[in-house]
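Trainee: need a 3D model of the sequence below.
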Amino acid sequence: MFGGYECSDIDKFDLFVCMDSSNISNLKRIIGDSSSIIKLLDRDVADPWYTGNFKVTYNDIVEGIDILINKINSSL
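Mentor: Residues are numbered from 1 along each chain as shown. Predicted coordinates:
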């Protein structure tokens with residue numbers, strides 16, 4: 001198990017939403033390459049650990065969630 005995830009999780013969840021390319025790479029190493037692994041935005045979400053700017057991160061997440069909800073609703 002790494003970061004709270006293990007290989008068997010691929011069968012438990014429909015979607016794994018990652019914040020950046022590094023998260024995607026790490027998750028693919030754990031559960032394998034899967035279409036259920038997506039990035040929240042087409043770009044990396046700003047990481048406030050490095051930027052110190054929580055407002056930009058918040059805005060990125062809100063934008064990404066809106067897009068994700070629209071994609072899910074359109075697929076129903």
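Trainee: make it CA atoms for all contacts and neighbour counts henceforth
Mentor: OK.
Trainee: correct me if wrong: Ser36 contacts Leu15.
Mentor: Yes. Assessed by CA atoms under 8 Å, Ser36 is found in contact with Leu15 at 4.6 Å.
Trainee: got the contact list for Asp47?
Mentor: Thr57 (CA atoms under 8 Å, 6 or more residues apart in numbering).
Trainee: from Asp9, how far out is it?
Mentor: Here the criterion is CA to CA, to the nearest Å. By it, Asp47 lies 25 Å from Asp9.
Trainee: can you check Ala46 too?
Mentor: For Ala46, the distance to Asp9 - CA to CA - is 26 Å.
Trainee: more neighbours, these two?
Mentor: The residue with more neighbours, out of Ala46 and Asp9, is Ala46; 20 against 13, by other CA atoms under 10 Å.
Trainee: can you report phi and psi for the residue nearest the centre of the chain?
Mentor: For the chain, Cys18 is the residue whose C-alpha lies nearest the centre (CA atoms, centre = their mean; 1.6 Å). Note on Cys18: its backbone torsions stand at phi -110, psi 160 [degrees, to the nearest 10].
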